[in-house]
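Asks: fold the stuff below for me.
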Amino acid sequence: MDLQSRKLNEIEAVVGVTAVGLLRERRLEAIWGQFKVDEGRLMDVITRNLEKLKEHAKVTPSLAPFRGFAMVLDDVGLFVYDDLVVLTDAKKVDWDRLVKAVTSS
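Replies: Numbers count the residues shown, from 1 in each chain. Below is the predicted model:
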């Protein structure tokens, strides 16, 4: 997924977004903000959840393809969609606006 500047601007404008990055070969490439978390732990969480999504897709093919997930870890919100990773302040973010900004074409 190439992140057009318009889409990045929309994501940055969502209250509570703290960082945006792209998944690159089991690495996280920061493109905006700072990922103030342990990158190894974050990648483990992302990888584990993506593997679970693939397992669910085999069991429930009508729901496939799964394109991502959102979750809250302590006060940090995590939204993964295709190869895009967005970190948020989980208490401040407008999840509805974030999902719309990320998934709009």
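Asks: which of the helices or strands spans the residue minimising distance to the centre of the chain?
Replies: Nearest to the mean C-alpha position of the chain, by Cα atoms, centre = their mean, lies Val80 at 2.3 Å. Counting by DSSP states H and E, the element that carries Val80 is strand 76-81.
Asks: excluding chain neighbours, what is closest to the residue nearest to the centre of the chain?
Replies: Of all residues not flanking Val80 in the chain, Gly68 sits nearest, at 4.6 Å (Cβ to Cβ, 6 or more residues apart in numbering). For glycine as for every other residue, the C-beta is placed from the backbone atoms N, C-alpha and C.
Asks: how about the contacts made by the one you found?
Replies: Going by Cβ atoms under 8 Å, 6 or more residues apart in numbering, Gly68 touches 79-82, 84.
Asks: average model confidence for the longest helix along the chain?
Replies: In the chain, taking DSSP state H as the definition, the longest helix is helix 39-59. Across helix 39-59, the average pLDDT comes to 89.
Asks: coming back round to it: elements contacting the strand holding Val80?
Replies: Contact here means 3 or more Cβ pairs under 8 Å, 6 or more residues apart in numbering; DSSP states H and E; on that basis strand 76-81 packs against helix 39-59, strand 68-73, strand 84-89, helix 95-103.
Asks: now distance to Val15 too, for these, in TSV please.
Replies: Formatted as TSV, the helices and strands packed on strand 76-81 follow (distance: least, Cβ to Cβ, whole Å):
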stretch	distance to Val15
helix 39-59	22
strand 68-73	16
strand 84-89	9
helix 95-103	8
